[in-house]
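Colleague: sharing a model that was predicted from the sequence below.
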Amino acid sequence: MEEIKTKVLVVEDEASIRKFISINLNRAGFQVMEAESSEKALEIINEFNPDVAILDVMLPGIDGFTLCNYLRNQSPNMVIIMLTARGQDTDKINGLEIGADDYMVKPFNPMELIARINANIRKIHNVNRLSTTRLSLMDMEIDLGAQRFFRKEEEIELTPTEFAIMKMFIQNPDKALSRHDILDLVWGKNYFGDIKIVDVNVRRIREKIEDNPSEPKIIETVWGVGYRLRGES
């Protein structure tokens, strides 16, 4: 039986960088499709149906943020990694806020990009392993098979990363978890990304599930440590 390869769409307007990424991903065993613009990506995406999208922020025409937002809405389970310029912290935060799973700063080692892709894919696979299991805590329920999250019997749409974080919290109620703990439990011990990715995702989750996100009662901040999911009313 032929091995099913992970499909990666690389959207980058600089041909040399695009080819550099594609060559290394092909060598690592991924099936790769290239696009030099968001418009080209939109032409091929339905037919190619990628598992992973690597998006440059600064694209001609439709920018990477707009494309990221569109892909996240259309394909909730797609892994999206943004490529940003060195020192552009606002680009990193903006990308995560609109649904990217991760980001890489140019120039980067292709082996690190491959490691990031694999870490994000593992994160989703770890969630899916218990495909028939439902987890419940207080007024929250999480369906691991369907990747659906409910609070007060109403469904709340979460990105794959947000879903993985909520699964982790519900499995560890009332436990103070540091940001490094959360990185290890959700992304894996071999992930060496920026720790800010935890704070951005927690903030996004709070906006979706808290009655008053400015005064969170579900995901509490443990000052000097990290975060804790409150397990009792």
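Modeller: Ah, there it is.

Colleague: ok, residue 28 - how many residues close by?
Modeller: Neighbourhood size, residue 28 [other C-beta atoms under 10 Å]: 17. Yep, even glycine has a C-beta here, placed from its N, CA and C like the rest.

Colleague: what sits closest to it if chain neighbours are left out?
Modeller: Take residue 28 and drop its neighbours on the chain: the residue closest to it by C-beta to C-beta, 6 or more residues apart in numbering is residue 114, 4.9 Å away.

Colleague: dump the helix or strand bottoming out on mean pLDDT in the chain to CSV, keeping only the CA atoms.
Modeller: Using mean pLDDT, DSSP states H and E, helix 89-97 stands out as the lowest-scoring helix or strand of the chain, at a mean of 77. Taking Å, rounded to 0.1, in the frame of the first residue of the first chain, the C-alpha atoms of helix 89-97 are listed here in CSV:
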residue,chain,number,x,y,z
ASP,A,89,6.6,40.9,16.8
THR,A,90,3.3,42.5,15.7
ASP,A,91,3.2,40.2,12.7
LYS,A,92,3.7,37.2,15.0
ILE,A,93,1.0,38.2,17.4
ASN,A,94,-1.4,39.2,14.6
GLY,A,95,-1.0,35.8,12.9
LEU,A,96,-1.7,33.9,16.0
GLU,A,97,-4.7,36.0,16.9
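
Colleague: other SSEs contacting it?
Modeller: Applying 3 or more C-beta pairs under 8 Å, 6 or more residues apart in numbering; DSSP states H and E, one finds that helix 89-97 contacts helix 64-74, strand 79-84, strand 102-105, helix 196-209.

Colleague: out of those, nearest to residue 34?
Modeller: Using C-beta to C-beta as the measure, strand 79-84 is the one of the helices and strands packed on helix 89-97 that comes nearest residue 34, at 13.5 Å.

Colleague: show me which residues of the top helix by length along the chain are buried.
Modeller: Looking across the chain with DSSP state H, the single longest helix is helix 110-128. For helix 110-128, burial by neighbour count (16 or more other C-beta atoms under 10 Å) applies to 113-124, 126-127.

Colleague: tilt between it and strand 79-84?
Modeller: Going by axes from the mean of the first three to the mean of the last three C-alpha atoms, to 10 degrees, helix 110-128 is angled at 150 degrees with respect to strand 79-84.
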